[in-house]
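J.: build me a model:
(chains A, B, C, D, E and F)
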4 protein chains.
Amino acid sequence: MSDMIDTLRHDEKMTPKQIEILKAAIELISEKGYYNTSTSEIAERAGVAEGTIFRHYRTKKDLLIKIVKPVITDFSASFFAEQFVHQVFREKYGHFEDLLYAFIKNRFEFAQSNVPLIKILLQELAFHPEIQTAYKRAFSEKVYPALNQAIDFYKQKGELRDLPNETIIRMVVPSVLGFMMTRFILKPDQNWDDEAEIKQTITVIMGGVGGT
Amino acid sequence: MSDMIDTLRHDEKMTPKQIEILKAAIELISEKGYYNTSTSEIAERAGVAEGTIFRHYRTKKDLLIKIVKPVITDFSASFFAEQFVHQVFREKYGHFEDLLYAFIKNRFEFAQSNVPLIKILLQELAFHPEIQTAYKRAFSEKVYPALNQAIDFYKQKGELRDLPNETIIRMVVPSVLGFMMTRFILKPDQNWDDEAEIKQTITVIMGGVGGT
Amino acid sequence: MSDMIDTLRHDEKMTPKQIEILKAAIELISEKGYYNTSTSEIAERAGVAEGTIFRHYRTKKDLLIKIVKPVITDFSASFFAEQFVHQVFREKYGHFEDLLYAFIKNRFEFAQSNVPLIKILLQELAFHPEIQTAYKRAFSEKVYPALNQAIDFYKQKGELRDLPNETIIRMVVPSVLGFMMTRFILKPDQNWDDEAEIKQTITVIMGGVGGT
Amino acid sequence: MSDMIDTLRHDEKMTPKQIEILKAAIELISEKGYYNTSTSEIAERAGVAEGTIFRHYRTKKDLLIKIVKPVITDFSASFFAEQFVHQVFREKYGHFEDLLYAFIKNRFEFAQSNVPLIKILLQELAFHPEIQTAYKRAFSEKVYPALNQAIDFYKQKGELRDLPNETIIRMVVPSVLGFMMTRFILKPDQNWDDEAEIKQTITVIMGGVGGT
DNA sequence: CATGAATGAGGGTTCATTCAT
DNA sequence: TATGAATGAACCCTCATTCAT
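T.: Predicted coordinates:
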């Protein structure tokens, strides 16, 4: 759990207490939700006075945002910006399926080490406009363009049907998300053969969007 | 909006005030969430005194449950119990695709006339064990057995690959849910060609699970 | 003390609890000041739950305003609007001194039965823009015009020196206020011969502004 | 502004930081009042750490007292102790009016260069017993005796009516204070002909208390 | 002497719930 | 049955003050 925070990028150096607060907040909020978690609980679990929370995070909501934003940023940015697009065009992934595999694998591992954070993100997305905004921006600026480029690329190679990109994305994304939600949130305790599941998911997707 | 309630089964005869309260609660909670909606707001919009709410619903949470349970019950029960299974075996649906079409169509229409209720269900599912229990029971008692029977039936007819039922369900359900969530919740305002989308979704699913 | 509230005009009928709250707030705030009085103290002295205060007064500050505004309104309005001007021109007051006497006497009695309220007004005027606005408006719309008319009237009769009205007002008002503040706030416990003091004050004022 | 502090007597040698704190506190408190000014604000404007304030001033209230006491001391003491009485008896002021003029002029200039301090004094006088005590002592020990002597002196010369000293003081002091409050606090921005106003004020006072 | 992170008591406010009418 | 005034626990947040560095 403690490395969960480390995997995300936080701008400033954080004091030990700050980390403790963040960890406690993530645990509690992911278990019980934002509105069912009081700042005094967070303080208690963090081993800190309640006032200390507000020294580091102006508001309870600010704390939530500070928890959730890096997840959005990292989830959308890291993969795409640095490796994804470049490697597509360097022909690292011969087939769309290979790309899909690398993509899902990567996001899968990210999700795996950030389950509580992702739970919080999904749970609170509905209620906090600030999060929605950040989410939409990340998607439209990072994820969507990258996907678009990749789809165009594989279309030209005849690996994808000639459907509107929009449609293809709507086939791919929910399938992946649906799998991950089932895997990590709905039935996290079940025995999973992750490798097999990922391949299965890819098969489904390719059945729907793959070239004839 | 007003018929939304009528489409669901409520055990007892409801007084006009009770209906007014339910309607107000559904509107407000689906817009702003359970924790951001106060009972006084609900009372005000329902044109009722605050105390009246608690005459009909023991607690605020009881009100939520009374809103959400019929959705679960109906969503899972109605179709399967009365029409689905029977008609499958009466060979009404020659191919799995036909069944899938009827199934999605039916659930689609249900969702369409119950968007606010479904929003509430999805949003609050995460936070209220009572809802989770009801949901799980409905799924394991109603949906899962019905699906199982149908899958077995079409497997024997060679219309479905020889995958574990569990796996097939995991292909079908998230695809359908993913489509509906996108359609009704994430992008409800977009221009949708629903018929085409449903067929698209079926194609995807069949690509993944259909017999060779 | 209990009639203090009755002397002021409150728009709506007030419940007993509301009156109790108002009385407690007036007592405490006039003794210790707004910022040194907590809502829990007010509730306790009023024999009421803390929440009850906020049912009747949206905010602690709202409570303050509701206390102070009627003082301003009454202090400025009552006398002038209804009796003052009309009677001046009906020549009820033969000499300016007579008017001054009636005026001071009237305000003196008002002050006498509203000492705590006036203390609050004077103490908090400095810190709350809302009060300042109300005060300025009352003065410029009610008090100042009335004084102006009266002064013009007595100037024509040769009872007042030919000084700018502005100047005359600046002689009269601080003298009266200064007397009252000394009388009721700075040294309320001293033995006062009020009648003599009022006459004394008039003499001083007339010495400064009276016609030769 | 910076010389404001210099005009007052502070017992101990002050470090630069101490002066900075005092200046910041005076500015902020005179603008927003004692209770609306936090020690962290003062620290920030003074360019000092929060803890530093408490190194020099035991408590926040101690800081207030240290700000306000010199004003009281100086206002009451300086003039009277050193120049006033002695010069009265050296017949420097032939007439009571001359004394009054010198007196008002002197206090006027003092006020002029200490507006923020005087604002603080007036605003907080009501709420802090410590300040009230200091104020009363200063008045009864310094101002009152000096005035008494002077009044007796001019009474014997027939320049003042045979009223109780107490009464005469109550005519003089509020008039002067009333003028200054109007001048510096209520309407500081208006165009003032100070010399004329002072003379006007003297005329009023003499009209009230001057010998026949 | 100076710092600033940490404290924790206390503040104002909200709101689900109760109950006399 | 319906009301709505009253409740009081719980909440988020502020801030003067302390103390290890």
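
J.: when you work out contacts or count neighbours from here on, use the C-alpha atoms and nothing else.
T.: Fine.

J.: contact residues of chain A facing DNA strand E?
T.: Counting by CA under 7 Å from any atom of the strand, the positions of chain A adjacent to DNA strand E are A:15-18, A:47-52, A:55.

J.: in ChimeraX, how would I select the buried members of these?
T.: Applying 16 or more other CA atoms under 10 Å in any protein chain shown to the residues of chain A next to DNA strand E, the buried members can be selected in ChimeraX as follows:
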select /A:18,48,50
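
J.: and the residues of chain A next to DNA strand E, which is closest to chain B?
T.: A:E50 (22.5 Å; CA to the nearest CA).

J.: and the pLDDT at the residue in chain A positioned nearest to chain D?
T.: Here chain A gets closest to chain D at one residue, A:R55, 12.4 Å apart by CA to the nearest CA. The confidence metric pLDDT takes the value 94 at A:R55.

J.: so which helix or strand takes in it?
T.: Using DSSP states H and E, A:R55 falls within helix A:50-56.

J.: pLDDT below threshold where in chain A?
T.: Residue ranges of chain A with pLDDT under 70: A:1-12, A:78-92, A:208, A:210-212.

J.: so what's A:I120 up against?
T.: By CA atoms under 8 Å, 6 or more residues apart in numbering or on different chains, A:I120 lies in contact with A:26, A:29-30, A:33, A:68.

J.: what about the helix ranked longest in chain A, distance to the chain center?
T.: The longest helix of chain A (DSSP state H) is helix A:60-78. Mean C-alpha position of helix A:60-78 versus that of the full chain (CA atoms, centre = their mean, to the nearest Å) differs by 10 Å.

J.: for it, name the packing helices and strands.
T.: helix A:16-32, helix A:115-125, helix A:129-138 (3 or more CA pairs under 8 Å, 6 or more residues apart in numbering or on different chains; DSSP states H and E).

J.: save those helices as TSV, and put in distance to DNA strand F too.
T.: Formatted as TSV, these follow (distance: least, CA to the nearest atom of the strand, whole Å):
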stretch	distance to DNA strand F
helix A:16-32	11
helix A:115-125	14
helix A:129-138	15
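
J.: closest to C:L125 out of those?
T.: Closest to C:L125 of these is helix A:129-138 (CA to CA; 39.1 Å).

J.: that closest one packs against which elements?
T.: Contact partners of helix A:129-138 among helices and strands, from 3+ CA pairs under 8 Å, 6+ apart: helix A:60-78, helix A:115-125.

J.: what residues of that helix count as buried?
T.: Buried, per 16+ other CA under 10 Å, within helix A:129-138: A:131, A:134-135, A:138.

J.: what is the nearest of these to D:E159?
T.: Nearest to D:E159, judged by CA to CA, of the buried residues of helix A:129-138 is A:I131 at 80.4 Å.

J.: residues in contact with the closest one?
T.: Counting by CA under 8 Å, 6+ apart, A:I131 makes contact with A:65, A:68-69, A:124-125.

J.: hmm, the host helix or strand of A:N106 touching chain B?
T.: Element membership for A:N106, per DSSP H and E: helix A:96-112. No - Helix A:96-112 stays clear of chain B (CA under 8 Å from any CA of the partner chain), getting no nearer than 13.7 Å.

J.: contacts for that helix, please.
T.: Helix A:96-112 is contacted from outside by A:75, A:79, A:84, A:88, A:93, A:118, A:154, A:159-160, A:176, A:180, A:184, A:198-199, A:202, A:206, using CA under 8 Å, 6+ apart.

J.: quick check: residues of chain A near DNA strand F?
T.: Counting by CA under 7 Å from any atom of the strand, the residues of chain A close to DNA strand F are A:35-40, A:50-52, A:54-55, A:58-61.

J.: tell me the SS of A:D162?
T.: Per DSSP: H, G, I helix; E, B strand; the rest coil, the secondary structure class of A:D162 is coil.

J.: that'll do, ta.
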